[in-house]
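Visitor: I would like to see how this sequence folds:
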Amino acid sequence: MEAVITVIALLFLLFVVLGAYATVKVIGAAKRGVDRTISQARRTVEDTTLRAKTFTQPGPAGEIAQLRLTLRTSMRATQDALHSGVVEDESLKESLGLFERLSVHGRELDDELRRLESEPDKRTLSTRLPELRERTERITQSADSLRWAARDRARRFAADDLDSLSEQIEVEAGALRHWTTEPGPTASWPEAPAPDTATSSGQTWPEPPRPADEPPPSAITPPVQRPTYPWQKKPRPESTT
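Guide: I've put the predicted structure just below:
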């Protein structure tokens, strides 16, 4: 009885632990989903704000907003392309490592541009713009180069696979069209026997064979004399009267 209680207690404890683990995993996944949604919403709001500033704030402030928007768009597109491509092509891991190093410089530049957006000294902004523009171009060109190289690689692999598939299909199609046209055996009826001139007037059937010692049948069979017995009555003579 004590053993049964111990087993039940262990099973109950195991269920509790599994339930707690599953709950933690579900909460963690939900939290990551919420964080991802919040980050995407924040990026969308920031991009929309930057795009609005490029039209509503002329001068250095509007150009800084344009630089931030260009930098963020290029880095995000390259990040998405490399992360999606490394799943199918492991050789992109090295490119992804280079992009992570490039992202450090991109985040530093983005933070610096964000601080300069609220800079009231327009003259200082004007003197800093050429250097900021050059840094932005270098980072975005490097990111674009990685992104287009990854896309060209994926497109080349797809083209090679398509060429190989087309060749295999052509070979299979040629094999399917290679059929033989030799005539097969045809069924024929046996030849009919030559008609007999003597019996052409009617159909005759062959007689079954007879034993050699059996006499040929006569045309009229003679009457057979029946045996008489003593208890049979003699036939009464017919009366002449």
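
Visitor: tell me the mean pLDDT for stretch 17-35?
Guide: The average pLDDT for stretch 17-35 rounds to 69.

Visitor: Oh, that last question was meant for stretch 44-51, not what I typed.
Guide: The average of the pLDDT scores along stretch 44-51 is 74.

Visitor: now swap in stretch 138-148 and tell me
Guide: So the average pLDDT for stretch 138-148 ends up being 93.

Visitor: do stretch 95-112 as well
Guide: Rounded mean pLDDT across stretch 95-112 is 92.

Visitor: List the buried residues of it.
Guide: Across stretch 95-112, burial judged by 16 or more other C-beta atoms under 10 Å covers 95, 96, 99, 102, 103, 106, 109, 110. No exception for glycine: its C-beta is placed from N, CA and C like everyone else's.

Visitor: Need the residues that contact it.
Guide: With C-beta atoms under 8 Å, 6 or more residues apart in numbering as the contact definition, stretch 95-112 has outside contacts at 68, 71-72, 75, 78-79, 82-83, 86, 132, 135-136, 139, 142-143, 146, 149-150.

Visitor: Give me the subset of the buried residues of stretch 95-112 lying in helices.
Guide: Among these, DSSP state H puts 95, 96, 99, 102, 103, 106, 109, 110 in helices.

Visitor: Switch these over to a markdown table; also include distance to residue 46.
Guide: What follows is these, written out as a markdown table (distance: C-beta to C-beta, whole Å):
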| residue | distance to residue 46 |
| --- | --- |
| 95 | 27 |
| 96 | 24 |
| 99 | 21 |
| 102 | 20 |
| 103 | 17 |
| 106 | 15 |
| 109 | 15 |
| 110 | 10 |
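
Visitor: how about the nearest residue to residue 60, chain neighbours excluded?
Guide: Setting aside the residues directly before and after it, residue 60 is nearest to residue 125 in space (C-beta to C-beta, 6 or more residues apart in numbering), at 3.7 Å.

Visitor: returning to what we had before: which one of the buried residues of stretch 95-112 is nearest residue 11?
Guide: Nearest to residue 11 among the buried residues of stretch 95-112 is residue 96, at 45.7 Å by C-beta to C-beta.

Visitor: what's the burial count for residue 51?
Guide: Around residue 51 sit 13 other residues, with neighbours defined as other C-beta atoms under 10 Å.

Visitor: Next up, the contacts around it.
Guide: 65, 69.

Visitor: how deep is residue 53 tucked in, by neighbour count?
Guide: For residue 53, the count of nearby residues is 18 (other C-beta under 10 Å).

Visitor: mind showing which ranges of this structure have poor pLDDT?
Guide: The model of the chain has pLDDT under 70 over residues 28-43, 47, 179-241.

Visitor: can you map out the helices along it?
Guide: Ranges of helices in the chain, per DSSP H, are 2-56, 60-85, 92-117, 122-177.

Visitor: What residues of the second one count as buried?
Guide: It refers to helix 60-85. Quick answer for helix 60-85 (16+ other C-beta under 10 Å): 60-72, 74-75, 78-79, 81-82, 85.
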